[in-house]
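Participant: Sequence and computational prediction follow.
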Amino acid sequence: MVDLLRIENLSIHYDGRSLVSGVSLSVNVGERVGLIGESGSGKSLTALAAIGLLPEGMTASGSVRLAGQEVIGTADRDVVILRGTAVATIFQEPLTALDPLMRIGDQIAEVLRRRARRDGRSASRADIAADVMRLMARVALPEPARLARAYPHEMSGGQRQRAAIAMALACRPSLLIADEPTTALDVTTQAEVLQLLETLVREEGMGLLFISHDLPVVGTAVDRVLVLRAGELVEEGAVAEVFDRPRHPYTIDLVKAARAFDRAIGAAL
Amino acid sequence: MTDAIPTLARASSLRLTPAFLVGAALVGLHVVVGLMTLLWTPYDPTAMTGGRLALPSLAHWAGTDRLGRDLFTEIMIGARIALAVGTGAVAIAAVIGVTIGLLAAFASRTVDDVLAATLDILIAFPTLLLAMLIVAASDGASLGTAILAIGVAASAIVARLTRILARRVLAMDYITAARVSGTGWLGIIRIHVLPNIWPTLIVNFALQFGLAVIAEASLSYLGLGAPPPNASWGRLLQEAQATVYTAPFGAIAPGLALVSLVIGLNLFADGLRDVADPTRRRR
């Protein structure tokens, strides 16, 4: 069985500076992997490199295999084909992740149409519309018929992120990359979106690469976790193992900080 | 379900400001008059129909010019010429400008830098000077060269605006999301970039239309626009200049026509944004 994503010895350079060095990780079918680290630790860059979308001027070396196919050094045209089927991404800020001038239903429909074209299926307008409703119901958006006609600025943050998840699902990807998907949401909404993501990943049998700086959030969403610091992997293992018995001093600090924060919250309540 | 309670999405209602309506009425009036001249004018525009330099009367609403031709008829035809030049010039500026702007936005950094510098140099030239150069380089002034000259001169501004707007759109996460889901560049332009830059571009087109009308009048005034007997407003103004002290109305009438169309276009442009951009509509 081919890994959904296998990154080996990935390094990213910009202007002679090393941003990520020697990162290796893999995500198998149905596996949920977390990538944690502070801002600037290179976790989002690793994700962008995984889908071949590094910003202009950055160079990647090493190996990134998406569904068995090498991404680094491959022409963009060939990677595009992979992207539509092998992987989908959810971003931190749903407001910028949705086209502000397109109705939500149309945005989801666009992905569905593209996917149908790619599969060589012809999908009628009614089929697409029915699929949009099904996906919107799947991510628990209320009143799908009405919200499908809404623009992003007419929705709440949680609704927007649900719509973004529906768009990712519309690709029917085997791997979902979620880059801080709950950071821009308030705590209650955060919990709901996490719950939704977890259910969807389990039921659809997708692989998940979950990127976050938030230890507790990662802990609830994934099975295995990798800790990234200043572009290098410092620790990896099962969630319980890493959180209960962190070995690297940096991970120990992270866990301590999270515990202290929890206690402070607990005391405040 | 906290995020299910606030139902913000309500039917977006269009907000039409009084300024927009006034602008649309002024532009509409000129369009109706301009189209009407294709079928009917009060007098033959080249026929001498009354006394020379007559004051406005019931027979001649705007008086007559120094050859005794009906000035109102000429101003009506001038509206047609102004609108034709504006439409043609904006169409040329839109096609050239948007294409170059998108190319620059998508191009590698070196190509983009070269294009941006070229555009900056072109914009530094006064539009009129650039248009005069193009008219001079072609084999004689005509309505066609005026349209081409003004259109090309305006395309640099449209290109620069398009480039900036497209760059901003391309930096958004939804573009990355579209690319992740496998959309090609042409699809991204068609589905995301053009619709998102459109509301700003259309406003700029309306403003460019007004500038093109003024540029055409200026070129005609200088004798570089549509040659006689085409009754361009600029030519009417130039002809009235010699008799401005004895018969000021010959200058005032075409001047009023020109100003009312340009003001109308500017007011129209202002309100157009609210119509074109759904995020600016009242909820």
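Facilitator: Right, received. Where do you want to start?

Participant: Closest to the centroid, which residue in the chain?
Facilitator: I went with chain A, as the question did not name one. A:Ala178 (1.3 Å; C-alpha atoms, centre = their mean).

Participant: actually it's chain B I care about, not the one you picked
Facilitator: B:Phe209 (0.7 Å).

Participant: does the closest residue to it other than its chain neighbours belong to a helix or a strand, and which?
Facilitator: Closest residue to B:Phe209 apart from its sequence neighbours, by C-beta to C-beta, 6 or more residues apart in numbering or on different chains: B:Gly86 at 4.4 Å. Any C-beta I mention is one placed from the backbone N, CA and C, and that applies to glycine too. Using DSSP states H and E, B:Gly86 sits within helix B:71-106.

Participant: Quick check: next helix or strand after that helix?
Facilitator: helix B:109-124.

Participant: Would you tell me whether that next one gets close to chain A?
Facilitator: Yes. With C-beta under 8 Å from any C-beta of the partner chain as the criterion, chain A is reached by helix B:109-124 at B:Arg109.

Participant: Taking their axis directions, that helix and helix B:71-106 sit at what angle?
Facilitator: 160 degrees (axes from the mean of the first three to the mean of the last three C-alpha atoms, to 10 degrees).

Participant: Close to chain A: what parts of the stretch 101-250 of chain B are there?
Facilitator: B:108-109, B:172-174, B:176-177, B:179-184, B:187, B:191-192, B:195-196, B:198-199.

Participant: what's the burial count for residue 52?
Facilitator: The chain I'm using is chain A. By the measure other C-beta atoms under 10 Å in any protein chain shown, the count of residues near A:Gly52 is 24.

Participant: Switch to chain B, please.
Facilitator: So B:Arg52, with other C-beta under 10 Å, has 14 neighbours.

Participant: List the residues that contact it.
Facilitator: Each residue near B:Arg52 by C-beta atoms under 8 Å, 6 or more residues apart in numbering or on different chains is listed here: B:64-68.

Participant: Nearest to chain A, out of those residues: which one, please.
Facilitator: B:Asp65 (49.8 Å; C-beta to the nearest C-beta).

Participant: Give me the phi and psi for that closest one.
Facilitator: phi -90, psi -170 (degrees, to the nearest 10).

Participant: doesn't B:Leu53 make contact with it?
Facilitator: Yes. Using C-beta atoms under 8 Å, B:Asp65 is in contact with B:Leu53, at 7.1 Å.

Participant: Summarise which helices and strands the helix or strand containing A:Arg65 is packed against.
Facilitator: Element membership of A:Arg65 [criterion: DSSP H and E] is strand A:58-66. The contact analysis (3 or more C-beta pairs under 8 Å, 6 or more residues apart in numbering or on different chains; DSSP states H and E) places strand A:58-66 against strand A:5-14, strand A:17-27, helix A:43-50, helix A:76-86.

Participant: looking at the ones you listed, which is buried most?
Facilitator: Most buried of those, by mean neighbour count (mean count of other C-beta atoms under 10 Å in any protein chain shown): helix A:43-50, with a mean of 24.

Participant: as a whole number, average confidence for that helix?
Facilitator: For helix A:43-50, mean pLDDT is 89.

Participant: Any idea how far that helix is from the middle of the chain?
Facilitator: 10 Å (C-alpha atoms, centre = their mean, to the nearest Å).

Participant: quick one: it to strand A:5-14, angle?
Facilitator: 110 degrees.

Participant: Would whichever strand or helix holds A:Leu169 count as contacting chain B?
Facilitator: Here A:Leu169 sits within helix A:157-170, counting by DSSP H and E. Yes. Counting by C-beta under 8 Å from any C-beta, chain B has neighbours in helix A:157-170: A:157-159, A:162, A:164, A:167-168, A:170.

Participant: Packing partners of that helix?
Facilitator: strand A:87-90, helix A:94-97, helix A:104-119, helix A:125-138, helix A:187-204, helix B:173-180.

Participant: For A:Leu53, which of those is the nearest?
Facilitator: Nearest to A:Leu53, of all these, is helix B:173-180, at 6.1 Å by C-beta to C-beta.

Participant: Give the other helices and strands that the closest one contacts.
Facilitator: Looks like helix B:173-180 contacts helix A:76-86, strand A:87-90, helix A:94-97, helix A:157-170, helix B:185-188 (3+ C-beta pairs under 8 Å, 6+ apart).

Participant: Mind listing what's buried along the helix or strand bottoming out on mean pLDDT in chain B?
Facilitator: Counting by mean pLDDT, DSSP states H and E, the weakest-scoring helix or strand in chain B turns out to be helix B:127-137, with a mean of 81. Applying a neighbour-count criterion of 16 or more other C-beta atoms under 10 Å in any protein chain shown, one finds B:127-128, B:130-132, B:134-135 buried in helix B:127-137.

Participant: again, but for stretch B:38-49
Facilitator: Those would be B:41, B:43, B:45, B:49, for stretch B:38-49 by 16+ other C-beta under 10 Å.
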